[in-house]
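Asks: Task: produce atomic coordinates for the following.
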Amino acid sequence: MPHPSTVDILADLIALDTTSCRSNLALIEYVEGYLARYGVVGRRVADASGEKANLYCTIGPGDASGVMLSGHTDTVPVTGQRWRFDPFTLSAEGEHLYGRGTADMKGFLAAVLAAVPAMVGADLAVPIHLAFSHDEEVGCLGVRSLIDDLAQYPQRPAACIVGEPTSMRIATAHKGKLGLRVCLSGKACHSGMAPEGVNAIHAAARIIDWVERTATRKAADGPFDPRFAIAHTTLQVGTIEGGTALNIVPQDCRLDLEIRTVPADDVEALVAELEAVADSLSAEMRGAHPESSIRFERLSEYPGLSLDDDHALIEFILQLLDEPARERIGYGTEGGLFQRELGIPTVVCGPGSMAQGHQPDEFVTRDQLTRCDRFLTRLIGRLESPDMHRRRARGSLLTDAPD
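Replies: Model prediction:
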């Protein structure tokens with residue numbers, strides 16, 4: 001019986017609605033059943049609710065570190081988007097394959113699964129690990145329990161490829177992100193007696209002013225990394241909510257802001273600077289009303305990814321690609337967590353473009369999937385090559401976990 005193709009598997013994956021607000025267990029069960037056909041057993045790492053899970057498995061020798069292929073199973077919502085196609089049915093139009101998650105990032109997952117028969121049949125010198133996570137789209141939350149699980153094992157992967165869409169070019173870095181919610185509480189009163197109240201929206205404007213001034217400072221003074229399209233750290237306020245009526249001094253206001261840092265910048269130093277501004281402002285508010293307050297809530301957070309330009313993993317991956325180009329990307333991935341928490345050198349490389357991700361009529365092209373198929377075939381061939389067997393004997397690249 002012929003093995004299913006990448007497109008066949010992609011159609012199955014698209015049919016499973018794994019929007020982040022839903023369970024991903026149907027997809028995990030599908031992958032487990034598929035792997036079982038080839039004698040591969042995965043290990044689930046479930047979340048506290050039992051409604052979502054990560055999946056991890058190893059193909060090849062279990063006494064070496066090897067390469068991890070990583071991807072998330074969840075997708076963003078289609079709510080409010082106008083699609084020409086059913087987002088949960090793979091639809092073809094010429095070179096384009098449409099459906100939610102085709103680019104971000106079920107196309108990569110499908111290509112990896114289609115390559116499993118070749119992985120199983122290969123004489124691998126070092127293993128290939130598959131890591132499928134949940135809840136990446138809501139702040140890289142799900143993979144953290146998988147990372148905790150991997151931290152307990154002596155044989156961690158020596159390298160990781162996160163298959164987010166990069167048009168099959170290697171990305172060696174991305175910015176880190178911190179999402180903060182600022183909740184301000186003042187004192188309400190009739191607007192005709194405004195000086196007797198504490199206006200929470202006016203106080204929030206002072207926070208927003210700091211965000212804007214700091215963003216301007218970063219654009220002017222850096223630090224800069226010219227390999228990013230926007231070469232400096234950025235800050236912005238995304239939402240603000242406060243007040244009940246025009247004739248009431250608003251007691252409460254809430255704003256959400258984000259900070260996206262280049263690798264050379266220190267997000268915690270910026271948070272400390274903001275907290276100092278808030279402490280001064282809060283003291284001023286309490287002078288007028290003792291129960292006034294400002295509090296912070298961290299909404300989401302992931303570290304940046306940065307691999308030295310001369311790292312051996314980059315050259316290794318470049319040799320396997322049709323297009324030997326490297327870049328730095330503006331969106332975040334789970335790669336920064338693998339690198340920071342486990343010390344695993346990580347790059348990002350996958351089919352499709354993020355220009356199509358999160359959009360109505362999201363698509364990946366057949367050519368991009370074919371490029372990914374070729375990349376995985378070359379990777380398998382390289383990991384079973386005599387040279388890799390010699391490398392393993394010497395304990396060099398892709399054989400031993402990093403310190």
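
Asks: Okay, the most centrally placed residue in the chain and residue 364: tell me how far apart.
Replies: Most central residue of the chain, judged by C-alpha distance to the mean C-alpha position with Cα atoms, centre = their mean, is residue 333 at 2.6 Å. With distances taken as Cβ to Cβ, to the nearest Å, residue 333 is found 17 Å from residue 364. To be clear about C-beta, it is placed using only N, CA and C from the backbone, and glycine gets the same treatment.

Asks: Also residue 377?
Replies: With distances defined as Cβ to Cβ, the gap from residue 377 to residue 364 amounts to 18 Å.

Asks: okay, these two: which has more neighbours?
Replies: For residue 377 versus residue 364, neighbours defined as other Cβ atoms under 10 Å are more numerous around residue 364 (34 against 13).

Asks: helix or strand for residue 164, which one?
Replies: Take DSSP states H and E as the rule and residue 164 turns out to sit in neither a helix nor a strand.

Asks: I'd say it and residue 354 touch.
Replies: Yes. If you go by Cβ atoms under 8 Å, residue 164 and residue 354 touch, sitting 7.3 Å apart.

Asks: Give me the more crowded residue out of those two.
Replies: Neighbour count, other Cβ under 10 Å: between residue 164 and residue 354, residue 164 has more, with 28 against 18.

Asks: Any chance of the backbone angles for the more buried one?
Replies: Dihedral angles phi and psi of residue 164 (degrees, to the nearest 10) take the values phi -60, psi 160.

Asks: for the stretch 251-400 of the chain, what spans make up the helices?
Replies: For the stretch 251-400 of the chain, the helices identified by DSSP state H, counting those that start in this stretch occupy 267-288, 312-318, 335-342, 366-383, 386-394, in order along the chain.

Asks: Quick one: closest of those helices to residue 120.
Replies: For the helices of the stretch 251-400 of the chain, distance to residue 120 was read as Cβ to Cβ. The smallest value, 10.0 Å, belongs to helix 366-383.

Asks: counting contacts, what elements does the closest one pack onto?
Replies: Other elements packing on helix 366-383 under the criterion 3 or more Cβ pairs under 8 Å, 6 or more residues apart in numbering; DSSP states H and E are helix 6-14, strand 67-72, helix 107-114, helix 116-121, strand 128-133.

Asks: run the last query once more with 6 Å
Replies: Judged by 3 or more Cβ pairs under 6 Å, 6 or more residues apart in numbering; DSSP states H and E, the packing partners of helix 366-383 are helix 107-114.

Asks: so the helix it packs on versus strand 128-133, what angle?
Replies: 140 degrees (axes from the mean of the first three to the mean of the last three Cα atoms, to 10 degrees).

Asks: roughly how far is helix 107-114 from the heart of the chain?
Replies: Relative to the mean C-alpha coordinate of its chain, helix 107-114 is positioned 17 Å out (Cα atoms, centre = their mean, to the nearest Å).

Asks: tell me the mean pLDDT for that helix?
Replies: Helix 107-114 shows a mean pLDDT of 98 in the predicted model.

Asks: between that helix and helix 6-14, how big is the angle?
Replies: Using the same axes, to 10 degrees, helix 107-114 lies at 120 degrees relative to helix 6-14.

Asks: Using PDB, list the CA coordinates for helix 107-114.
Replies: What follows is the C-alpha trace of helix 107-114 in PDB, where atoms were taken according to Å, rounded to 0.1, in the frame of the first residue of the first chain:
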ATOM      1  CA  GLY A 107       2.100  22.200   6.000                       C
ATOM      2  CA  PHE A 108       5.300  21.500   7.900                       C
ATOM      3  CA  LEU A 109       3.700  18.900  10.100                       C
ATOM      4  CA  ALA A 110       2.300  17.100   7.100                       C
ATOM      5  CA  ALA A 111       5.700  17.000   5.400                       C
ATOM      6  CA  VAL A 112       7.300  15.700   8.500                       C
ATOM      7  CA  LEU A 113       4.700  12.900   8.800                       C
ATOM      8  CA  ALA A 114       5.000  12.000   5.200                       C
END
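
Asks: ok, residues contacting that helix?
Replies: Where contact means Cβ atoms under 6 Å, 6 or more residues apart in numbering, the residues beyond helix 107-114 that reach it are 5-6, 9-10, 13, 34, 69, 71, 163, 350-352, 364, 369, 372-373.

Asks: likewise stretch 219-229?
Replies: Stretch 219-229 has contacts (Cβ under 6 Å, 6+ apart) with 231, 232, 262, 264, 265, 328, 330.

Asks: residue ranges with poor pLDDT in the protein?
Replies: Along the chain, the parts satisfying pLDDT under 70 run over 1, 395-403.

Asks: Would you mind giving the domain segments of it?
Replies: In the domain annotation for the chain, the residue ranges read 6-174+304-394, 176-301 (automatic domain parsing).

Asks: Can you tell me what sits against stretch 284-301?
Replies: With Cβ under 6 Å, 6+ apart as the test, stretch 284-301 has contacts from 139, 178-187, 198, 203, 278, 282.

Asks: and those residues, which are buried?
Replies: Among these, those that count as buried by neighbour count (16 or more other Cβ atoms under 10 Å) are 139, 178-180, 182-187, 198, 203, 278, 282.

Asks: Show only the entries of the residues you listed found in helices.
Replies: Assigned to helices by DSSP state H, the following of those qualify: 203, 278, 282.

Asks: Strands of the stretch 201-350 of the chain, residue ranges please.
Replies: Secondary structure of the stretch 201-350 of the chain (DSSP state E, counting those that start in this stretch): strands located at 234-242, 248-249, 252-261, 293-302, 305-306, 326-329, 346-348.

Asks: Among these, which comes closest to residue 159?
Replies: Among those, strand 346-348 comes nearest to residue 159, with 7.4 Å by Cβ to Cβ.

Asks: could the ones in helices among the buried ones among the contacts of stretch 284-301 go into TSV alongside distance to residue 112?
Replies: Shown next, in TSV, are these (distance: Cβ to Cβ, whole Å):
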residue	distance to residue 112
203	50
278	45
282	50
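
Asks: Of the helices of the stretch 251-400 of the chain, give the one that comes closest to residue 250.
Replies: Across the helices of the stretch 251-400 of the chain, residue 250 has its closest neighbour in helix 267-288 (12.5 Å, Cβ to Cβ).

Asks: ok and the closest one relative to strand 234-242, angle-wise?
Replies: Using the same axes, to 10 degrees, the direction of helix 267-288 lies 30 degrees away from that of strand 234-242.
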